[in-house]
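[1] I would like the atomic coordinates for the input below:
(10 chains, ligands or ions: 16)
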10 protein chains.
Amino acid sequence: MPSQPSKALETFPNPEPSRDYTIRIRIPEFTCLCPVTGQPDFATLHLEYVPEQRCVELKSLKQYVWSYRDEGAFHEAVTNRIVDDIANAIAPRFVRLTSEFNVRGGIYTTVVAERRAPGWTPATPVTLP
Amino acid sequence: MPSQPSKALETFPNPEPSRDYTIRIRIPEFTCLCPVTGQPDFATLHLEYVPEQRCVELKSLKQYVWSYRDEGAFHEAVTNRIVDDIANAIAPRFVRLTSEFNVRGGIYTTVVAERRAPGWTPATPVTLP
Amino acid sequence: MPSQPSKALETFPNPEPSRDYTIRIRIPEFTCLCPVTGQPDFATLHLEYVPEQRCVELKSLKQYVWSYRDEGAFHEAVTNRIVDDIANAIAPRFVRLTSEFNVRGGIYTTVVAERRAPGWTPATPVTLP
Amino acid sequence: MPSQPSKALETFPNPEPSRDYTIRIRIPEFTCLCPVTGQPDFATLHLEYVPEQRCVELKSLKQYVWSYRDEGAFHEAVTNRIVDDIANAIAPRFVRLTSEFNVRGGIYTTVVAERRAPGWTPATPVTLP
Amino acid sequence: MPSQPSKALETFPNPEPSRDYTIRIRIPEFTCLCPVTGQPDFATLHLEYVPEQRCVELKSLKQYVWSYRDEGAFHEAVTNRIVDDIANAIAPRFVRLTSEFNVRGGIYTTVVAERRAPGWTPATPVTLP
Amino acid sequence: MPSQPSKALETFPNPEPSRDYTIRIRIPEFTCLCPVTGQPDFATLHLEYVPEQRCVELKSLKQYVWSYRDEGAFHEAVTNRIVDDIANAIAPRFVRLTSEFNVRGGIYTTVVAERRAPGWTPATPVTLP
Amino acid sequence: MPSQPSKALETFPNPEPSRDYTIRIRIPEFTCLCPVTGQPDFATLHLEYVPEQRCVELKSLKQYVWSYRDEGAFHEAVTNRIVDDIANAIAPRFVRLTSEFNVRGGIYTTVVAERRAPGWTPATPVTLP
Amino acid sequence: MPSQPSKALETFPNPEPSRDYTIRIRIPEFTCLCPVTGQPDFATLHLEYVPEQRCVELKSLKQYVWSYRDEGAFHEAVTNRIVDDIANAIAPRFVRLTSEFNVRGGIYTTVVAERRAPGWTPATPVTLP
Amino acid sequence: MPSQPSKALETFPNPEPSRDYTIRIRIPEFTCLCPVTGQPDFATLHLEYVPEQRCVELKSLKQYVWSYRDEGAFHEAVTNRIVDDIANAIAPRFVRLTSEFNVRGGIYTTVVAERRAPGWTPATPVTLP
Amino acid sequence: MPSQPSKALETFPNPEPSRDYTIRIRIPEFTCLCPVTGQPDFATLHLEYVPEQRCVELKSLKQYVWSYRDEGAFHEAVTNRIVDDIANAIAPRFVRLTSEFNVRGGIYTTVVAERRAPGWTPATPVTLP
Ligand SMILES: [Ca+2]
Ligand SMILES: [Ca+2]
Ligand SMILES: [Ca+2]
Ligand SMILES: [Ca+2]
Ligand SMILES: [Ca+2]
Ligand SMILES: [Ca+2]
Ligand SMILES: [Ca+2]
Ligand SMILES: [Ca+2]
Ligand SMILES: [Ca+2]
Ligand SMILES: [Ca+2]
Ligand SMILES: [Ca+2]
Ligand SMILES: [Ca+2]
Ligand SMILES: [Ca+2]
Ligand SMILES: [Ca+2]
Ligand SMILES: [Ca+2]
Ligand SMILES: [Ca+2]
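    Numbering: from 1, shown residues only, chains lettered A, B, ... in the order given. Ligands and ions are numbered 1, 2, ... in the order given. Sure, this is the predicted structure:
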């Protein structure tokens, strides 16, 4: 049975909830429609998060991204919406989404939004020389 | 009706004023005139800001950039002027402009200016490993 | 006295007319206006030629390129016009112009035009391993 | 009036039919559907042609590319179809289309098809050192 | 039903047998075993061919590549074998395989093999400027 | 005697236990099986650690990596398992593992996990201009 | 009147002394003589500063760099001298010079020196995600 | 038993003598001594050949390259000597060696030598679009 | 008189001991022997230091690096030894050595060691936007 | 005794006059003076030749390049002069010089000149797949 576009994000249990670690995902095939002109827009999404109890299932994430194909979406609003949808689905310790849109009118736009769980603080990063 | 160069920057409401997020814009087609020789200068502008109540409308930003085409402008002064114009138009929490000028006389010049809203402090950055 | 935009191309005598050799020139700062919308267009010009009796003087070439700043010009037509203007100015053995325009509407366009002096044949290229 | 997807390719008169020259166009935003799974496919199209009496109008080319957004298309067949559509629209001296598809199943596929006008022969290329 | 490794290459009818065109495939995930040490070897395969009546089906090609995972194979011999297997499966007008192996003992090895159908001659390439 | 895949990690004494220093190891040839489909997965592993009394022996590390070739492994779980195995083998002051998996379904995934010895604090990094 | 090499650095008033901003200058054409062998040395200079009341005039900076063409200069000493000369000419809030010398004897050397105005402290950098 | 440097090149039978194919080998770790100063020289060797009855065994090739470590060798002479030694060892249809030496005195030198078996002619290359 | 390999590091007086500054040196031509197999190893060394009263003389540093050519050396131990030798020779405020070894067994290893003078603290870095 | 700039090119006997082979030399440190403004110009020279009885000695070539440091030279003329000087010094079968000058007035210029010995014909190049 072929898969379908869907706003429902499926999840699976975090295999290592005892510690903070990073999951970084790059999705070069986001496309939606410009709400003003109706023409297609394209972007590469960069998602990174620290899971709490659940992780995002990748096939489901692909169907979620696919669900924007026929929707109108402004750059700033859609980035904030996606980060919210992911945060609602997996309640991560931290999540950041970077949407890098293709050039329009000679101008390149990127939007970056984050959500942080209340009370969560990242460990001090270890910067090895 | 074709668009025109214009110093008037149009704006739209920030769709997510409840949190800090980043809008990053690259404009490779800035051109003005050298005030000393009258010859064309060229630069790539890199704009990044954290919106408060308003965002910069992109078509209007393109017309704004266009408006420098027939004006004389020194590298240092024009960078500071543009960051001020944007700050005046949208009163952002933070804005930074990097103007990367093409080589002149074998020398490459870049100017970087910022404006920060009084009382605004950036969240401690989360540096994931 | 500051220089001015000008369609007049100045030349100087080829210092080595006794043999074929190549002069290759890259000009990243071509800008004209779109004849349909009136908005600025940008391109990098790549010029290469084998001189006969005259070479293109570089300062004059810069002023020539500058002269398109306020003119409307289609990509295909302007590339053919510039190669003709250069051919008329220096009557080279061979000249090729590649105009690499900036992206418009998500599409990147490059136009390449050549002129060859009647009766001129390039030497068989020596391809060293 | 916003533009629409359309298989109709508009053209304009070649401004320099008296000589062979090259028009090279890169379109990074082609997307269609996989006829087997129904999932989106993505490609960058590289088009290059030598015009005869007509050239492809760029805005119309964008709408033509857009028209594949909701169609199923195999890599090999769609590349051959597009090169035929362009050949039928402008009857060029020569046209080549390179479709560089995004990775699927760990495999990257590119398809290249050409059409040559009967009786047309390219000039011997001039390879300058 | 999950797929399995298999030496059987499936094919589909060439959608455009009336003309020569190129299908180019990059497979970065080839792995086999060194016949001398039994240790894993890795390579990127580059396949390009001009189809006659049949094309290689991609999912089947992936299973074919997978079938080498537990086999011992010398660089030179396996490259020649794969090009033969593909030639036997689709009887192409032309096929070339480039196997780019990972470094071993500080030495990087690449092997390139071709098969050409009897009587087939490539069209003179069109080299546009 | 040829080497064999093995989960046993051999170690050797740290030649400089008196100070913190960094050992950084890149392994481009990790491969395991997808637990869902049984198909091969591929990754580049980036390991960096500050040794305490023992260092990882490289030939043994290669055999350890090899031992995953016929095992099913999820991206998130296997990254956490490997960092634990290394931590158990050498009890380092600090260890970080970055697993950069090849694209699957158009999506690129990277997982980063760390372990820090209780009571160990990195020296303040010296950032020279 | 042609310009001349000169150790005199000309300056102009900082157009925006009310705030800290960055001026970054790259000069790929520094050359001096090796004091030991008398042979030419070459370097790329990277200058960055935060102006106080004066900025460095670019044409004068080019003449200043030119003035080293016939002078002997050691890598470490000349970097410190140039940063002092610039600091003396414009009394900046901060200045840093990075001299990246061409390879000599198979060894690549870079020297970085800074000067900070007494009492000046940089604003905490805003690191946007 | 550890391997030793050796001028003796071992070979193995060409597994596919029935057709021409290419073996391409990159060796980034060649080092010898400058005959004038006695100081070490370094180069990357690029070897490509079409085998006849024998191929070069890689471990033996590594030992052969190693054998130059304590020998004085001029760039031009050593490149010609190595290509001769390989030709003598395997009597290939064609062999080419490119020695890319590290910079000395600010000058980068590369030497390329070939040997062709008497009577051997390469097939006309197939240049796919 | 030709130079010789030597463990003796010569130094010269720091021309600017009144302030901290950085000297950064890249040496792509380090080679030693593997203590286990006797085969050559290769690395690029990256040295950076803040001088106190003495700087490392470059010709002497080249001879020092050369002195490892016939010595057996483990990656971790030799990096720590070299940083100690340099620290003993010039007693710098700070020194860091990064040894980036060539791939062995499909694994790339880099080792980074530092020495800091007792009581020395780096100035807070100035990070200009 | 330190070396001096000199127009005298020293040579040494070609160690392999029995066959054609290529010597390729890159010199990134050419500098002369602009005959119009007196200001320094910079270029990278790319020299490639097929020797007959003599080769260019590298130290002497460095001194030759150095000899232009205080001379005025036009781009086109100096490229033709240098190729003539080299041809006169070593009478090669073939020599080509490519002078890639640094940007001036926003324009990048490269000049390529060749000399071929009367009666010499290059072997048909072997293009391996
Ligand atoms: Ca894309
Ligand atoms: Ca983009
Ligand atoms: Ca620039
Ligand atoms: Ca530009
Ligand atoms: Ca472009
Ligand atoms: Ca692609
Ligand atoms: Ca690989
Ligand atoms: Ca490789
Ligand atoms: Ca990846
Ligand atoms: Ca990979
Ligand atoms: Ca330079
Ligand atoms: Ca350098
Ligand atoms: Ca090396
Ligand atoms: Ca080199
Ligand atoms: Ca390395
Ligand atoms: Ca250049």
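[2] what distance separates the helix or strand that A:Val83 is a member of from the centre of its chain?
    Element membership for A:Val83 (DSSP states H and E) is helix A:75-90. With Cα atoms, centre = their mean, to the nearest Å as the basis, helix A:75-90 stands 7 Å off its chain's centre.
[3] which neighbours does the helix or strand just after that helix have in its sheet, and in what orientation?
    Next along the chain after helix A:75-90, taking DSSP H and E as the criterion, comes strand A:94-101. Using DSSP bridges, strand A:94-101 pairs in its sheet with strand A:40-50 (antiparallel), strand A:108-116 (antiparallel).
[4] Which positions in the shortest one come out as buried?
    Buried residues in strand A:108-116, counting neighbours by 16 or more other Cβ atoms under 10 Å in any protein chain shown, are found at A:108-116. Quick note: C-beta positions are derived from backbone N, CA and C, even for glycine.
[5] does any part of that strand sit near ligand 2?
    No. Judged by Cβ under 5 Å from the ion, strand A:108-116 stays clear of ligand 2, getting no closer than 5.7 Å.
[6] same thing with the first one?
    No. With Cβ under 5 Å from the ion as the criterion, ligand 2 is not reached by strand A:40-50; the gap is at least 6.3 Å.
[7] near chain D, which residues of chain A show up?
    Selection of chain A residues close to chain D by Cβ under 8 Å from any Cβ of the partner chain yields A:2-4, A:28-29, A:31, A:37-40, A:42, A:66, A:69, A:102.
[8] if we go to 10 Å?
    Contact residues, chain A versus chain D (Cβ under 10 Å from any Cβ of the partner chain): A:2-5, A:28-29, A:31, A:33-34, A:36-42, A:62-63, A:65-66, A:69-70, A:102-103.
[9] Residue of chain A nearest chain I, please.
    A:Pro129 (4.8 Å; Cβ to the nearest Cβ).
[10] If I look at the residue lying closest to A:Leu97 once chain neighbours are set aside, what pLDDT would I see?
    Excluding the flanking residues, the one nearest A:Leu97 by Cβ to Cβ, 6 or more residues apart in numbering or on different chains is A:Val83, at 4.3 Å. Predicted confidence (pLDDT) for A:Val83: 98.
[11] My guess is A:Val83 contacts A:Ile90. True?
    No. Using Cβ atoms under 10 Å, A:Val83 is not in contact with A:Ile90; the gap is 11.5 Å.
[12] Spit out the residues that contact these two alike.
    Counting by Cβ atoms under 10 Å, 6 or more residues apart in numbering or on different chains, the common neighbours of A:Val83 and A:Ile90 are A:Tyr49.
[13] the more surrounded of these two?
    A count of neighbours by other Cβ atoms under 10 Å in any protein chain shown puts A:Val83 above the other of A:Val83 and A:Ile90, at 25 against 21.
[14] Now do the same contact list for the more buried one.
    Per Cβ under 10 Å, 6+ apart, neighbours of A:Val83: A:47, A:49, A:95-99, A:111-115, B:16, B:19, B:21.
[15] Ok, A:Thr110 next?
    Neighbours of A:Thr110 in contact, by Cβ under 10 Å, 6+ apart: A:43-44, A:46, A:75, A:79, A:98-101, B:22-26, B:48.
[16] Name the residues linked to it by a beta bridge.
    A:Glu100, B:Arg24.
[17] what about it, distance to G:Asn88?
    Separation of A:Thr110 from G:Asn88 (Cβ to Cβ, to the nearest Å): 41 Å.
[18] Over to A:Phe30?
    Going from A:Phe30 to G:Asn88 by Cβ to Cβ gives 54 Å.
[19] Between those two, which is the more surrounded one?
    Just comparing A:Phe30 and G:Asn88: by other Cβ under 10 Å the higher neighbour count belongs to A:Phe30, 21 against 10.
[20] Next, count neighbours for whichever residue of chain A sits closest to chain J.
    In chain A, the residue that lies nearest chain J is A:Gly106 (19.7 Å; Cβ to the nearest Cβ). Burial of A:Gly106 is recorded as 20 neighbouring residues (other Cβ under 10 Å).
[21] Provide a list of residues in contact with the closest residue to it other than its chain neighbours.
    Using Cβ to Cβ, 6+ apart and skipping residues adjacent in sequence, the residue nearest A:Gly106 is B:Glu29, 4.9 Å away. Neighbouring residues of B:Glu29 by Cβ under 10 Å, 6+ apart: A:105-107, B:42-45, B:62, B:65-66, B:69, C:31, C:39-42, C:102.
[22] A:Gly106 reaches B:Pro28, doesn't it?
    Yes. Counting by Cβ under 10 Å, A:Gly106 touches B:Pro28, with 6.9 Å between them.
[23] what residues do these two have in common as contacts?
    C:42, C:102-103.
[24] Report the contact partners of A:Arg81.
    A:68, A:73-74, A:97, A:113, B:15-16.
[25] Check A:Trp66 too.
    A:3-6, A:29-31, D:38-40, F:106.
[26] now the residue of chain A closest to chain J: how far from J:Gly106?
    20 Å.
[27] Kindly report the same for A:Ile27.
    From A:Ile27 to J:Gly106 the distance is 39 Å (Cβ to Cβ).
[28] same check, this time on A:Pro129
    In terms of Cβ to Cβ, A:Pro129 sits 41 Å off from J:Gly106.
[29] what does A:Phe101 give?
    A:Phe101 is 30 Å from J:Gly106, by Cβ to Cβ.
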